[in-house]
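**Student:** no FASTA, just this:
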Ligand SMILES: CC(C)(COP(=O)(O)OP(=O)(O)OC[C@H]1O[C@@H](n2cnc3c(N)ncnc32)[C@H](O)[C@@H]1OP(=O)(O)O)[C@@H](O)C(=O)NCCC(=O)NCCS
């Protein structure tokens, strides 16, 4: 398993992994598949030494990715980020998500990050469990803020401070 900074050539695989989760209505409030072109701007917002985008490779395949985004763009939140982690369905339950998020925690200090957050749909039990396993706590719930196919879903805010 190799975790490295993503390059633009990784974007199609990153998008494929994301798009596979869209119809499940478990992972994202995005309701339609996204295109590589649409994601170029998002890709460009990542900076390896500040808000990186990492991919995890196993035997040359893209097994998953982790992204750091600004939490809120105002200056005082500079040390706080939101993380997203997505694992290719073929590679789930093999420790990929744990490795990516674990590395996110381990490298936070050098990225000048003091707080990690995740905004997770309340019924996404696998993701909630993954974050909990790595020391994240439930810091808040936004009740019924997402409407997915006529079902209103909660967003759970999870977070942890990093030393
Ligand atoms: C959530 C997700 C990232 C987990 O990735 P993964 O590589 O399969 O997870 P890991 O194998 O590293 O599992 C680590 C721990 O997370 C928890 N976990 C992961 N998948 C789980 C599941 N389906 N059910 C319950 N717990 C689960 C377990 O505690 C697991 O430890 P264990 O295997 O020792 O029991 C993956 O299911 C995924 O990509 N889901 C779709 C995208 C998504 O919802 N991302 C979150 C939005 S930010």
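**Tutor:** Now that the structure is in, tell me what you want to look at. Owing to the predicted nature of the structure, the values given are computational and were not obtained by experimental measurement.

**Student:** and residue 10, how far is that from the ligand?
**Tutor:** The spacing between residue 10 and the ligand, counted by C-beta to the nearest ligand atom, to the nearest Å, is 16 Å. From N, CA and C alone the C-beta is placed, and that goes for glycine too.

**Student:** Tell me the secondary structure at whichever residue of the chain sits closest to the ligand.
**Tutor:** Of all residues in the chain, residue 97 sits closest to the ligand, at 2.6 Å by C-beta to the nearest ligand atom. Recorded secondary structure, residue 97: helix (DSSP: H, G, I helix; E, B strand; the rest coil).

**Student:** Beta-bridge partners for residue 5, please?
**Tutor:** Beta-bridge partners for residue 5, by DSSP bridges, are residue 54.

**Student:** Now do the contacts for it.
**Tutor:** 48, 52-55 (C-beta atoms under 8 Å, 6 or more residues apart in numbering).

**Student:** Could you dump those into a markdown table with pLDDT, neighbour count and distance to the ligand added?
**Tutor:** A markdown table is the format used below for these (pLDDT from 0 to 100; neighbours: other C-beta atoms under 10 Å; distance: C-beta to the nearest ligand atom, whole Å):
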| residue | pLDDT | neighbour count | distance to the ligand |
| --- | --- | --- | --- |
| 48 | 96 | 12 | 20 |
| 52 | 98 | 19 | 16 |
| 53 | 98 | 23 | 13 |
| 54 | 98 | 23 | 13 |
| 55 | 98 | 21 | 13 |
